[in-house]
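Asks: just the structure for this:
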Amino acid sequence: MSCELTSLITPDTTIKVSSTLDKSVGKKYLIDDNSETCWTSQQGLPQHIQLVFSELVIPKRIFFTFQGGFVGTQCALYVDSEVEGGNRWKNWTYIYPEDVNRRQSFDLPTLDHDSGIRSLKLVFEQSSDFFGRITVYDLKIEGTVISLA
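Replies: Numbers count the residues shown, from 1 in each chain. Below is the predicted model of the structure:
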């Protein structure tokens, strides 16, 4: 396992979102590296982004670029905790993005276990928008990939 941080979101990563305002602001725009495109949720809280990685990973840092006025100002991060009968989500940490347009980064705490995770869910519990909409122009997650070889 390398100590160098790498992007954990790859073309094989599955992304699910709680809602999308319309097709022009869909989930594919979260990770397209285009500052002109974004994902926008419908109104109402909570909203979430769920990522399923193709390999076991250890996230170390997360980056967001929000649209000011539509920021998820309180975000709970959940990790999968596989148990018999399906996945159960375990609260890992909270992050508190500012209501600004610039890129923000958050260092993540050490996982309870070093065997890695397969899924991560970002739950926006509060929004700077009165109606609870969230707009994200860019999402990146860095960390380490657990080699299964």
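Asks: return the list of helices and strands in contact with the top strand by length along the chain.
Replies: Longest among the strand segments of the chain by residue count, using DSSP state E, is strand 47-66. Applying 3 or more Cβ pairs under 8 Å, 6 or more residues apart in numbering; DSSP states H and E, we find strand 47-66 packed against strand 14-17, strand 103-107, strand 117-126, strand 135-145. For glycine as for every other residue, the C-beta is placed from the backbone atoms N, C-alpha and C.
Asks: what's in contact with the second one?
Replies: Yep, that's strand 103-107 we're talking about. Residues from elsewhere that reach strand 103-107 (Cβ atoms under 8 Å, 6 or more residues apart in numbering): 60-66, 95, 97-98, 138.
Asks: export the residues you listed to CSV and tack on neighbour count, pLDDT and distance to residue 80?
Replies: Formatted as CSV, those follow (neighbours: other Cβ atoms under 10 Å; pLDDT from 0 to 100; distance: Cβ to Cβ, whole Å):
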residue, neighbour count, pLDDT, distance to residue 80
60, 18, 97, 17
61, 14, 98, 19
62, 23, 98, 16
63, 14, 98, 21
64, 23, 97, 21
65, 18, 98, 26
66, 27, 98, 25
95, 18, 98, 18
97, 20, 98, 23
98, 12, 98, 28
138, 19, 97, 24
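Asks: nearest to residue 6, of those residues?
Replies: Residue 6 lies nearest to residue 60 out of the contacts of strand 103-107, by Cβ to Cβ, at 9.8 Å.
Asks: would you confirm that that closest one contacts residue 116?
Replies: No: taking contacts as Cβ atoms under 8 Å, residue 60 lies outside contact range of residue 116: 11.7 Å.
Asks: this completes my enquiry, with thanks.
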